[in-house]
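J.: Here is the input, now give the coordinates:
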Amino acid sequence: MSELRDDQWFTEVFDSHGSAFSLKISEKLLDVQSPYQHLEVYATETYGNLLVLDGCVMLTDRDNFLYHEMIAHPALFTHQDPKRVVIIGGGDCGTLKEVLRHPGVEHVTQIDIDEEVTKASERFFPALVASNQDPRAELLFADGVKWVDDAPDESIDLLIIDSTDPVGPAEGLFKTDFLKRCHRILKSGGVMVQQSESPLYHSGSIIRELRRDMQEAGFDSVATLPFPQPVYPSGWWSVTLAGKAIDVNAFREQAAASHDLPLEYYSVEAHRGALALPPFMRKAFAAK
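T.: Numbers count the residues shown, from 1 in each chain. Okay, the predicted model is just below:
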């Protein structure tokens with residue numbers, strides 16, 4: 001639930017956890033109802049532009065690098081040699097930009113159902129779409145679940161599920177049956193990564209269930225990596241990796257330590273630290 005208060009504060013209220021997050025705005029830049037969701041863009045006083053989908057904060061200029069780097073680089077440095085990458089969702093193109101920083105990646109297909117998100121990003125978040133013209137990039141506006149259904153067996157190295165919350169258009173991306181189909185299209189040694197909500201609010205529900213569903217879908221290993229994300233519920237977020245004949249609790253540390261990518265958050269130390277889960281998360285994941 002969201003609202004715009006009279007004193008020009010955009011507020012997203014999380015009723016289920018009795019909390020809220022607000023940003024002071026200066027103007028509304030865009031208000032579009034697509035066939036799939038309600039899209040808004042605001043100019044804020046301290047966080048740059050703000051993208052909102054169905055009343056939920058998606059990203060801001062100021063802190064989106066945290067999410068985009070952590071959904072991309074841990075998985076890329078976990079896979080031994082990622083060449084063919086697929087992104088489901090990610091219409092703002094920030095994750096695409098991060099993946100294309102890796103010169104060894106040969107092709108990235110991004111499938112997002114809502115072209116209006118990419119159009120908004122092109123207008124109001126130009127830094128995120130800076131790599132859209134890279135010859136290795138392919139942007140499709142289609143149903144990501146159907147794309148996975150139609151993809152050949154063992155045809156990709158890395159699958160990134162850059163979705164919104166598990167409701168509405170993204171609900172099907174958190175289901176066991178979909179995860180089985182993801183497992184099918186990954187090559188041996190393949191890695192899947194999915195945004196997995198707040199460690200504080202969802203360790204004992206959404207994240208635990210996702211980890212179990214990934215294992216039931218046939219993945220050999222799972223790892224959940226928490227990281228800060230100020231504009232999301234609780235200010236703390238996570239991604240969950242799953243490996244097909246690969247241990248996603250280990251990564252190419254030497255490569256992660258020696259890269260020269262212009263990153264703002266991800267590092268070999270950040271990756272190691274994110275793998276060291278706090279006790280309450282380990283306890284939640286172990287619960288029946």
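J.: Return the distance of stretch 276-288 from the chain's centre.
T.: Here stretch 276-288 is found 22 Å from its chain centre; the criterion is C-alpha atoms, centre = their mean, to the nearest Å.
J.: for it, which positions count as buried?
T.: L277, M281, A284, F285 (16 or more other C-beta atoms under 10 Å). Every residue, glycine included, has its C-beta placed from N, CA and C.
J.: So the second one sits against Y201, correct?
T.: Translated: M281. No - in this structure, M281 is not within contact of Y201 by C-beta atoms under 8 Å, at 11.9 Å.
J.: helix/strand/coil for K180?
T.: helix (DSSP: H, G, I helix; E, B strand; the rest coil).
J.: Show me which helix runs longest in this structure.
T.: helix 64-78 (DSSP state H).
J.: what is the mean pLDDT for that helix?
T.: In this model, helix 64-78 carries a mean pLDDT of 98.
J.: which strands and helices sit next to that helix?
T.: Under the contact criterion of 3 or more C-beta pairs under 8 Å, 6 or more residues apart in numbering; DSSP states H and E, helix 64-78 touches helix 94-99, strand 156-162, strand 186-195, strand 221-228, strand 236-243, helix 253-258, helix 268-275.
J.: buried ones in the last one?
T.: Buried residues in helix 268-275, defined by neighbour count with 16+ other C-beta under 10 Å: V268, A270, H271, A274, L275.
J.: Check those residues against A20 and report the nearest one.
T.: Ranked by distance to A20 (C-beta to C-beta), the buried residues of helix 268-275 are led by A274 at 26.5 Å.
J.: Check the contact between that closest one and P74; I expect there is one.
T.: Yes - counting by C-beta under 8 Å, A274 does reach P74; the two are 7.0 Å apart.
J.: shared neighbours of the two, anything?
T.: Jointly contacting A274 and P74 under the rule C-beta atoms under 8 Å, 6 or more residues apart in numbering are L225.
J.: before we move on, the earlier item: Throw the buried residues of stretch 276-288 into TSV and include pLDDT, secondary structure and distance to S238, thanks.
T.: Output for the buried residues of stretch 276-288, formatted as TSV (pLDDT from 0 to 100; DSSP: H, G, I helix; E, B strand; the rest coil; distance: C-beta to C-beta, whole Å):
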residue	pLDDT	secondary structure	distance to S238
L277	97	coil	10
M281	98	helix	9
A284	97	helix	12
F285	97	helix	11
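J.: Leaving out sequence neighbours, find the closest residue to the spatially most central residue of the chain.
T.: Nearest to the geometric centre of the chain sits D162, at 3.5 Å (C-alpha atoms, centre = their mean). Counting by C-beta to C-beta, 6 or more residues apart in numbering, D162 lies nearest to G90, which is 3.6 Å off, once chain neighbours are set aside.
J.: could you check the distance from that neighbour over to P82?
T.: Distance, G90 to P82, using C-beta to C-beta, to the nearest Å: 16 Å.
J.: cool, L179 as well?
T.: 19 Å.
J.: Pop out the phi and psi values for D81.
T.: phi -160, psi 70 (degrees, to the nearest 10).
J.: Give the full set of residues in contact with the nearest residue to it once chain neighbours are set aside.
T.: Setting aside the residues directly before and after it, D81 is nearest to G104 in space (C-beta to C-beta, 6+ apart), at 6.5 Å. By C-beta under 8 Å, 6+ apart, the contact set of G104 is D81, P82, K83.
J.: Over to G104. Which of the three states is it?
T.: Going by three-state DSSP: G104 is coil.
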